[in-house]
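Enquirer: Got a sequence here, can you build the structure:
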Amino acid sequence: MSVPTLSLSEWQQRLGADPVQGLAPAEAARSLAQDGPNALPEKKANPVLKFLSYFWGPIPWMIEVAVLLSALVGHWADFWIILVLLVINAVVGFWEEFQAGNAIAALKAKLALKAKVKRGGAWLDVPTRELVPGDLVRIRLGDIVPADAVVLTSDPIEVDQSALTGESLPVTHGQGESLYSGSILRQGECDALVSATGLKTYLGKTAELVADAKSVSHFQKAVLKIGDYLIVCALVLVATILVAALLRGDPMLTTLQFALVLTVAAVPVAMPTVLSVTMAVGARLLARKEAIVSRLSSIEELAGMDTLCSDKTGTLTQNKLSLGEPLCLAGTTPEELVMAGALASRAEDRDPIDLAVLAGVKDEKSLAAHQVLHFQPFDPVRKRTEAQVEDPDGREYWVTKGAPQVIAALATDTAARSEIDRQVAALAAQGTRALVVARADAPGAWRLLGILPLSDPPRPDSKSTIAATEAIGVRVKMVTGDQLAIAKQIAGQLGMGTDILDAGTLAFADAAQARATLKEIEGADGFAQVFPEHKYRIVAALQQGGHIVGMTGDGVNDAPALKKADCGIAVSNAT
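Expert: Sure, this is the predicted structure:
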């Protein structure tokens, strides 16, 4: 999903924005009338029309013909039985779909309800649906970004966009860079210029893909083939009977009555009802195991699935940072390294990095025995935290943790700095995030202690589940918005293979490219740096290759592919 690459001044000129006063109220009203509300249109189907749609289609037509023929020949018992079966089939299908809800409503729930907007020089609380391009908005720590916007303030901020792009770690944004609607501000605050609203936002384009994703299930195709075959057989037999009757001179009324009875008998009136009821019973059994089925035909698709595309962040992994094995420099123990990192952390800030470091402390009593005299929290400019600490013996010292290049620059020991650089480079090649920790026994006399590796670890049951899935003939492919190195590392840990492709290199421009790309997709173990449209195209390509495709996911970025897949599976805690 590309965003125009413009400078801040070009954005302001393009949007006609005033970064000091904001839009005038009258101008905002005109833009709202022109561009429409900053909301995802919710497709609401008339329930009566939806119910009646279950009486329209090849299979219902066959049953309805049987009902009419039964009435014509006066077989009223058959008439009522077939009519009841027709209604039951419609009721079962309608009720299951009614319970499923609307997929776009889940996307709409991600949007913030109100935003702080500057109009006519005054800050106002405005409903997000009334935002227009060119509005000046203020976004604070923990706020959901209300529309696609461009950062105006110079201080860097950190944004969690995992539900949109699949990136597991917060992303740093600076002045002039774009923010996606629906992402969450994790560090700092900023003023931003609204660049797109509604369906023109990144989230809106994802919703459009959801609306466009339509497919006829293999189950429906099979039922239609069976029905078509039986109808053709019935027509051939009726034609044969009519020709034979004409040649033999049989009474035409008797012949027609016999032909009608044969036609009624040939129509599979009970088949749709039996199949719908059987799958509805299966859906109820799955519901008892906390697996909710929103589309009955997906049960049959799940049974025939041969390829499963799985999102990584939050599906195969925990979407939660975890502390790895500490890498200590000479003279430092792992316990000392983790303790120093924990003292430079603060639980009440609910920062995911601080919480991961604190969770790694084995001796909580020793941690509690230290008193933090002064704490300086992380900010995107300094890129480190710092604490002044008093140990149980009354000695004061300082600890700091943060970005490797920042912490290493504090120390004067060139050998230690070189070792830190080497180990950080090795971790980066594996896709692992590194925090460097240092200690000073006197102000400014920093000594490097080592590195705390951080990663989003796999779920405990992911590896065994993948192995069990592949053992029954289903190929599992990882699909993630994370970097290539991270994807390869996690795939290797889960035993999936490390043939991971960069989704940006996949080409679908023409038929020849699509065929070549299909071979790449079929052979790959997974895909990295994936956007929602990539997931959608990957699923579509596999379907065109004759595969029955399943897709698992937990975020808004997975919604288009989930709907396009033959069997879409939303995991627990999904957005």
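Enquirer: Let me see the residues that make contact with stretch 452-471.
Expert: Stretch 452-471 is contacted by residues 168-169, 308, 313, 316-327, 337-338, 341, 353, 356-357, 360, 401, 427, 431-437, 476, 486, 489-490, 493-496 when judged by Cβ atoms under 8 Å, 6 or more residues apart in numbering. The way it works is simple: take the backbone N, C-alpha and C, and place the C-beta from them, glycine included.
Enquirer: Separate out the buried members of those residues.
Expert: 168-169, 308, 313, 316-319, 321-324, 326-327, 337-338, 341, 353, 356-357, 360, 401, 427, 431-437, 476, 486, 489-490, 494, 496 (16 or more other Cβ atoms under 10 Å).
Enquirer: In strands, which of those appear?
Expert: Leu308, Ser322, Leu323, Leu327, Lys401, Arg433, Ala434, Leu435, Val436, Val437, Val476 (DSSP state E).
Enquirer: how about JSON lines for those, with distance to Asp525 and pLDDT added?
Expert: Putting these into JSON lines (distance: Cβ to Cβ, whole Å; pLDDT from 0 to 100) gives the following:
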{"residue": "Leu308", "distance to Asp525": "12", "pLDDT": "94"}
{"residue": "Ser322", "distance to Asp525": "23", "pLDDT": "89"}
{"residue": "Leu323", "distance to Asp525": "27", "pLDDT": "92"}
{"residue": "Leu327", "distance to Asp525": "28", "pLDDT": "94"}
{"residue": "Lys401", "distance to Asp525": "35", "pLDDT": "96"}
{"residue": "Arg433", "distance to Asp525": "23", "pLDDT": "85"}
{"residue": "Ala434", "distance to Asp525": "26", "pLDDT": "91"}
{"residue": "Leu435", "distance to Asp525": "30", "pLDDT": "93"}
{"residue": "Val436", "distance to Asp525": "33", "pLDDT": "96"}
{"residue": "Val437", "distance to Asp525": "35", "pLDDT": "96"}
{"residue": "Val476", "distance to Asp525": "9", "pLDDT": "95"}
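Enquirer: For Val67, which three-state class applies?
Expert: Here Val67 takes the helix state, with states given by DSSP: H, G, I helix; E, B strand; the rest coil.
Enquirer: contacting residues for it?
Expert: Phe79, Ile82, Leu83, Leu86.
Enquirer: let's see it at 6 Å
Expert: By Cβ atoms under 6 Å, 6 or more residues apart in numbering, Val67 lies in contact with Ile82, Leu83.
Enquirer: Gly492 and Met478, how far apart?
Expert: As judged by Cβ to Cβ, to the nearest Å, Gly492 and Met478 stand 11 Å apart.
Enquirer: is it true that Val194 touches Thr128?
Expert: No: between Val194 and Thr128 there is no contact under Cβ atoms under 6 Å: 10.1 Å.
Enquirer: neighbour count winner among those two?
Expert: Set Val194 next to Thr128 and count neighbours by other Cβ atoms under 10 Å: Val194 wins out with 28 against 21.
Enquirer: Which parts of this structure belong to which domain?
Expert: Here the domain assignment for the chain is 8-38+131-208, 305-318+458-570, 322-455, based on the TED database.
Enquirer: Of those, which is nearest Leu247?
Expert: domain 305-318+458-570 (47.1 Å; Cβ to Cβ).
Enquirer: before we move on, the earlier item: the more surrounded of Gly492 and Met478?
Expert: Neighbour comparison, Gly492 and Met478: the larger count goes to Met478, with 26 against 14 (by other Cβ under 10 Å).
Enquirer: Would you mind giving the secondary structure of the more buried one?
Expert: strand.
Enquirer: Gly74: which element?
Expert: Using DSSP states H and E, no element contains Gly74; it sits outside every helix and strand.
Enquirer: give the contact list for it.
Expert: For Gly74, no contacting residues are found, by Cβ under 6 Å, 6+ apart.
Enquirer: where's it relative to Ala147, distance?
Expert: 66 Å.
Enquirer: Could you do Thr480 as well?
Expert: 26 Å.
Enquirer: State which strand of the protein is the longest.
Expert: Longest strand in the chain, counting by DSSP E: strand 446-455.
Enquirer: May I have the beta-bridge partners of Ala440?
Expert: Beta-bridge pairing of Ala440 under DSSP bridges involves Trp398, Trp446.
Enquirer: isn't it right next to Trp446, touching?
Expert: Yes: judged on Cβ under 6 Å, Ala440 makes contact with Trp446 at a distance of 4.8 Å.
Enquirer: Neighbour count for the two, which is higher?
Expert: Between Ala440 and Trp446, counted using other Cβ under 10 Å, the more crowded position is Trp446 (21 against 17).
Enquirer: Does that one touch Leu410 like I think?
Expert: Yes: using Cβ under 6 Å, Trp446 is in contact with Leu410, at 4.1 Å.
Enquirer: Name the residues contacting each of those two.
Expert: Common neighbours of Trp446 and Leu410 (Cβ under 6 Å, 6+ apart) are Ala438.
Enquirer: mind checking which helix or strand Ala28 is in?
Expert: helix 25-35.
Enquirer: got the phi/psi numbers for Lys118?
Expert: With angles defined as degrees, to the nearest 10, Lys118 sits at phi -100, psi 120.
Enquirer: For it, which non-adjacent residue is spatially closest?
Expert: Gly22 (3.5 Å; Cβ to Cβ, 6 or more residues apart in numbering).
Enquirer: what are the phi and psi angles of the residue located most distally from the centre of the chain?
Expert: Distance from the centre of the chain peaks at Gly249, with 69.1 Å (Cα atoms, centre = their mean). Gly249 adopts backbone torsions of phi 80, psi 30, taken as degrees, to the nearest 10.
Enquirer: Tell me the pLDDT of it.
Expert: For Gly249, the pLDDT comes out at 84.
Enquirer: How much space separates it from Thr255?
Expert: As judged by Cβ to Cβ, Gly249 and Thr255 stand 10 Å apart.
Enquirer: repeat for Lys535
Expert: 59 Å.
Enquirer: Ok, Leu141 next?
Expert: Relative to Thr255, Leu141 is positioned 83 Å away (Cβ to Cβ).
Enquirer: ok, now Ser181?
Expert: Ser181 is 68 Å from Thr255, by Cβ to Cβ.
Enquirer: Show me where the stretch 51-200 of the chain has its helices.
Expert: Assigned helices in the stretch 51-200 of the chain, in chain order: 58-72, 76-100, 103-108, 162-165 (criterion: DSSP state H, counting those that start in this stretch).
Enquirer: By mean pLDDT, show me the worst of those helices.
Expert: Lowest mean pLDDT of the helices of the stretch 51-200 of the chain: helix 103-108, a mean of 48.
Enquirer: Output the lowest mean pLDDT helix or strand found in the chain.
Expert: helix 103-108 (a mean of 48; mean pLDDT, DSSP states H and E).
Enquirer: Count the neighbours of the closest residue to Ala403 other than its chain neighbours for me.
Expert: Nearest-residue entry for Ala403: Lys383, 4.1 Å, with adjacent residues in sequence omitted and distances by Cβ to Cβ, 6+ apart. Neighbour count for Lys383, taken as other Cβ under 10 Å: 15.
Enquirer: Torsion angles phi and psi at Lys383?
Expert: phi 60, psi 30.
Enquirer: you'd agree it is up against Val406?
Expert: Yes: in this structure Lys383 lies within contact range of Val406 using Cβ under 6 Å: 4.7 Å.
Enquirer: Switch the ones in strands among the buried ones among the contacts of stretch 452-471 over to TSV; also include distance to Ala512.
Expert: Compiled in TSV, those are given as follows (distance: Cβ to Cβ, whole Å):
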residue	distance to Ala512
Leu308	28
Ser322	45
Leu323	49
Leu327	49
Lys401	52
Arg433	40
Ala434	44
Leu435	48
Val436	49
Val437	54
Val476	29
